[in-house]
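Requesting a structural model of the entry that follows:
(2 chains, ligands or ions: 1)
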Amino acid sequence: MFDPIKEVNEQLGKLRETAETKGIDLSREMRHLEAKLHRLEKDIYGNIKPWDRVQLARNPKRPTTLDYIAQLFPDFIELHGDRHGYDDAAIIAGLATLDGTPVTIIGHQRGRNTKENMHRNFGMPHPEGYRKALRFMKQAEKFNRPVITFIDTKGAYPGKAAEERGQSEAIARNLFEMATLKVPIISIVIGEGGSGGALGIGVCDRLLMLENSTYSVISPEGAAALLWKDAKLAERAAETMKITAQDLLNLGIVDEVVTEVFGGAHIDVSLQSSLLKPVLAQHMMELRGRTQNELLQGRAAKYHQIGTIGS
Amino acid sequence: MNEGEAMTAFFKRPKRYMPLRQREPKIDAPQGLMTKCPSCKYMHYTKQLNENHKVCDCGYHFPLSADERIRMLVDDQSFEKFAGPLVKENPLNFPDYEDKLEKDRERTGIEEAIVCGRATIDGLSVVVCVMDARFRMGSMGAYVGEAIASAVRTATKERLPVVLFTASGGARMQEGMVSLMQMANTSIALKQHDEAGLLYVAYLTHPTTGGVSASFAMLGDVNVAEPGALIGFAGRRIIEQTIREKLPDNFQTAEFLLEAGQLDAVVHREQMRSFLKKMIELHGGEVHHV
Ligand SMILES: [Zn+2]
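Here you go, the predicted model:
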């Protein structure tokens, strides 16, 4: 079966390979193809339902934070620990460069198989994970390094010990500190953005979302059970709750939707990264041009305008 | 796994899980001549109970409406209510949501799940915000979030301390992500207040869960709670399902959190006013003669 999107994708891949191996600048041609790809996808996939995107966001093969880091930040150095006795593997952190500028990278980390998921606690952080993230944010602030966070979690871990050790406080503290962190913060939702556990590393100047990722205050199943007493109405809840990238763009919560590879990001993580990179770089460039005051006022205004009228 | 689910879990919690000293999740003000204590079953004369800060001899703290709380706390005639914020009433165009809001408005006589204003406590000026769990279970949407953020900004401008009484099941489901973003909106306003060197006391009452517990409820310079209040991020049922273990009866009570180092104090309602007065004094509060 002829698949025009796949074809353009392949052309893009070849171009990128040529550009890399031969060291020639083909970015204009590539941008052209990307635009074409985007148009095609809009035509063909314009009818994709929110519930389909929920499935894509939950696809076990969907690239994780470390998969994107490998593509976007080949010089990434992972750093560990909350300095209070714990290193939460559901949150990863480290340093890298973006176009030659040092950045701090923080992200939720799911496992790619059962064994990894046991280690990573399915990407659901304990309070220590949020405190680890906070340590790296404060360090970034000290060295005037922008922060990039990857959001990919079903939520903060709902466990007994997590409650005892202050899951609420740990998340709240991060919101509080990110509120006026004196460096640019860009957050990218790459899979599922699950409520407070996502926001705990997601107060930012720019919120980007991959096209098939979701961000919600409750899972569609949870919403259906709560609102209509029937978890089977999850599909309807996925629409009503407005959890897709496009819905959240319309609500003024997301700043830009990053186009995904046809069929989903997992089809080609390298191509997906090349679609993400220019968007990320563009936003970073804009934010780095701001004074500290402009940055913090902009951040406050961003959240203030979400629910209010005419402010 | 989300706060919303936590809320479901709490409000739909089966009775067999109910801790001994835990109240029923019933939040209507006592009506009529007699009022029964849901904890010890004692029948109170409502009038007497009201004179006793609505606290039973067994220690059970009856829920208060925002108006009752304010009357109990601040100097007579000192409360100047802030105008409600201008917010999108139904940002997701959620079916039937406006009707639900309208019904709660009629039932409770308040505009939304929070009342904010300026007042004095023994002459000490303070900005007071009080959530009211009778309205949509005290859940936080754009109105609640922006009312808090706006009240806190006023306090920053006027260099006043803030006391915020929480009573909330968490996020307002019908406002979806607009609700979640209020956690950031309120935290930003509180951080600016903090950086101005001003006092914020978070006063947690029953229940304080989900997104509210994971934002402004935990951000006070001093975080205190009423005895027996349920406070937590995730709901009991969700946690029990996740860890496949039965939780102790006192799990997520104010006393449990105090022991776990998550609260500064548990304060009996009789001491509420004197405690807050002392806190404000200790942080440089001044008497403004009217
Ligand atoms: Zn009693």
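
Contact partners for the residue of chain A at minimum distance from the ion?
Residue nearest to the ion within chain A (Cβ to the ion): residue A:163, separated by 26.7 Å. Backbone N, C-alpha and C define where each C-beta goes, glycine included. Taking Cβ atoms under 8 Å, 6 or more residues apart in numbering or on different chains, we find residue A:163 in contact with B:232-234, B:239, B:251-252, B:260.

got CSV for those, with neighbour count, distance to residue B:109 and pLDDT too?
Listed next are those as CSV, based on neighbours: other Cβ atoms under 10 Å in any protein chain shown; distance: Cβ to Cβ, whole Å; pLDDT from 0 to 100:
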residue, neighbour count, distance to residue B:109, pLDDT
B:232, 28, 30, 96
B:233, 34, 31, 96
B:234, 32, 33, 94
B:239, 24, 36, 94
B:251, 20, 35, 94
B:252, 28, 31, 95
B:260, 14, 38, 95
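
Just give me the neighbour total for residue A:259.
Residue A:259: 19 surrounding residues under other Cβ atoms under 10 Å in any protein chain shown.

That one contacts residue A:38, correct?
Yes: Residue A:259 is in contact with residue A:38 according to Cβ atoms under 8 Å; the separation is 5.2 Å.

Low-confidence stretches in the chain?
Using chain A. By pLDDT under 70, the low-scoring segments of chain A are A:1-4, A:41-46, A:311.

To clarify, I was referring to chain B.
In chain B (pLDDT under 70), the answer is B:1-31, B:288-290.

mind running it again at 80?
Low-confidence segments of chain B (pLDDT under 80): B:1-31, B:285-290.

for the chain, what spans make up the helices?
Here I'm looking at chain A. A:4-22, A:27-45, A:50-58, A:65-72, A:114-120, A:127-142, A:160-164, A:167-179, A:195-199, A:220-228, A:234-240, A:245-250, A:269-288, A:292-307 (DSSP state H).

not quite, I wanted chain B
All helices of chain B, identified by DSSP H, fall at B:3-11, B:46-51, B:66-73, B:97-108, B:142-158, B:176-195, B:210-213, B:236-243, B:254-259, B:272-282.

for these, which one ends up most surrounded?
Among these, ranked by average contacts under mean count of other Cβ atoms under 10 Å in any protein chain shown, first place goes to helix B:210-213 (a mean of 34).

Next one: that helix, is it in contact with chain A?
Yes: contact between helix B:210-213 and chain A, assessed by Cβ under 8 Å from any Cβ of the partner chain, occurs at B:210-211, B:213.

Which elements pack onto that helix?
Applying 3 or more Cβ pairs under 8 Å, 6 or more residues apart in numbering or on different chains; DSSP states H and E, we find helix B:210-213 packed against helix A:195-199, helix B:3-11, strand B:162-168, helix B:176-195.

Out of these, which gets nearest to the ion?
strand B:162-168 (19.6 Å).

what angle sits between that closest one and helix B:66-73?
Going by axes from the mean of the first three to the mean of the last three Cα atoms, to 10 degrees, strand B:162-168 is angled at 140 degrees with respect to helix B:66-73.

And strand B:162-168, how far out from the chain middle?
4 Å (Cα atoms, centre = their mean, to the nearest Å).

which strands and helices sit next to it?
Packed next to strand B:162-168, using 3+ Cβ pairs under 8 Å, 6+ apart, are helix B:66-73, strand B:124-131, helix B:142-158, strand B:200-209, helix B:210-213.

Can you lay out the ones you listed as CSV showing distance to the ion?
Below are the helices and strands packed on strand B:162-168 laid out as CSV (distance: least, Cβ to the ion, whole Å):
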stretch, distance to the ion
helix B:66-73, 18
strand B:124-131, 24
helix B:142-158, 30
strand B:200-209, 14
helix B:210-213, 26
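
still on that earlier bit, kindly reformat the helices of chain A as CSV and extend each row with distance to residue B:69.
CSV is the format used below for the helices of chain A (distance: least, Cβ to Cβ, whole Å):
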stretch, distance to residue B:69
helix A:4-22, 59
helix A:27-45, 52
helix A:50-58, 41
helix A:65-72, 44
helix A:114-120, 44
helix A:127-142, 30
helix A:160-164, 26
helix A:167-179, 22
helix A:195-199, 26
helix A:220-228, 27
helix A:234-240, 34
helix A:245-250, 36
helix A:269-288, 42
helix A:292-307, 25
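
right, and residue A:180 touches residue B:189 too?
No: counting by Cβ under 8 Å, residue A:180 does not reach residue B:189; the two are 10.9 Å apart.

how much space between residue A:51 and residue A:194?
Relative to residue A:194, residue A:51 is positioned 17 Å away (Cβ to Cβ, to the nearest Å).
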